[in-house]
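Student: just a sequence and a predicted model for now, questions to come.
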Amino acid sequence: MVFNDKFDFNDLMGHYTLLYGETDTKKTYFTAKFIQFLIETKKLNPKEISILDFAPPINVIKNIKIGGKIKDFYENSVICNNIYLEGDIIPPRLNSRNRKELYENACKNYKKTFKILKLFNDYPTKVLIINDISIYLHIGNKNLLLKAIEKSKTFFGNSYYGSSIKSDFATLLSLREKRLVEYLMNKVEFCYFTE
């Protein structure tokens, strides 16, 4: 099913939801709108909304618009329980010149995302929001991710799922990413394609 601006966020309360799609298809925008709905419409306590933002800063690399943080689309998201990364995420396929750099960058991203995912697991909240899950899935363990999702009452996440980000030396990483995003689609209650 395709996600769009007319979607009723009420239907997602108390459920696990994943948006997936190509780059620049409003995945982060819709995720930010869901947070805005939780705070402004549902009047949820912002400290019960944990945000794990795995996305790299918004950028255009090789004519592809990538990244973007939730706060870029909804400034008030900073009042939520943001579990911040140490440093920035590196888009591994676009910022690497060879396979060695690709895996070095993916490993750096994994260490950052693992740390905040584990923090959420230690101190869960009712709502879990994850922006750009595929960054973690490049190397990360799916069980740790599922454990975090299951500790929340409402989960809303998004993930890259496409073919626009590629390189000759990243085929295995891309295959793993695609396979694990499909695995996650089968584990959540609702998944929606963005275009």
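Tutor: Structure's in. What do you need? Numbering: from 1, shown residues only.
Student: from Thr41, how far out is Ile149?
Tutor: Ile149 is 23 Å from Thr41, where distance means CB to CB, to the nearest Å. Every residue, glycine included, has its C-beta placed from N, CA and C.
Student: ok, Phe54 next?
Tutor: 26 Å.
Student: more neighbours: the two, which one.
Tutor: Phe54 (25 against 10; other CB atoms under 10 Å).
Student: distance of that one from Lys42?
Tutor: According to CB to CB, Phe54 stands 24 Å off from Lys42.
Student: mind jotting down where the strands sit in the protein?
Tutor: 16-21, 49-53, 59-61, 64-66, 81-82, 127-131, 154-160, 190-194 (DSSP state E).
Student: okay, the angle between the top helix by length along the chain and strand 49-53?
Tutor: Ordering each helix of the chain by length in residues (DSSP state H) puts helix 99-122 first. Angle, helix 99-122 to strand 49-53, by axes from the mean of the first three to the mean of the last three CA atoms, to 10 degrees: 170 degrees.
Student: on contacts alone, who are the packing partners of helix 99-122?
Tutor: Here helix 99-122 touches strand 49-53, helix 134-137, helix 142-151, helix 171-187, going by 3 or more CB pairs under 8 Å, 6 or more residues apart in numbering; DSSP states H and E.
Student: among these, which is nearest Pro124?
Tutor: helix 142-151 (3.8 Å; CB to CB).
Student: in that closest one, which residues are buried?
Tutor: 145, 148-149, 151 (16 or more other CB atoms under 10 Å).
Student: got the CA coordinates for that helix in PDB?
Tutor: Extracted in PDB, the C-alpha atoms of helix 142-151 (Å, rounded to 0.1, in the frame of the first residue of the first chain):
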ATOM      1  CA  LYS A 142      18.000  -7.800  13.400                       C
ATOM      2  CA  ASN A 143      17.200  -9.300  16.800                       C
ATOM      3  CA  LEU A 144      18.300  -6.200  18.700                       C
ATOM      4  CA  LEU A 145      16.200  -4.100  16.500                       C
ATOM      5  CA  LEU A 146      13.100  -6.300  16.900                       C
ATOM      6  CA  LYS A 147      13.600  -6.300  20.700                       C
ATOM      7  CA  ALA A 148      13.500  -2.500  20.700                       C
ATOM      8  CA  ILE A 149      10.400  -2.500  18.500                       C
ATOM      9  CA  GLU A 150       8.600  -5.000  20.800                       C
ATOM     10  CA  LYS A 151       9.400  -2.900  23.900                       C
END
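Student: contact partners of that helix?
Tutor: Applying CB atoms under 8 Å, 6 or more residues apart in numbering, the set of residues contacting helix 142-151 from outside is 16, 114, 117-118, 120-121, 124, 128, 130, 133, 136-137, 155, 157, 180, 183-184, 187-188.
Student: so how far is that helix from its chain's centroid?
Tutor: Relative to the centre of its chain, helix 142-151 is centred 13 Å away, using CA atoms, centre = their mean, to the nearest Å.
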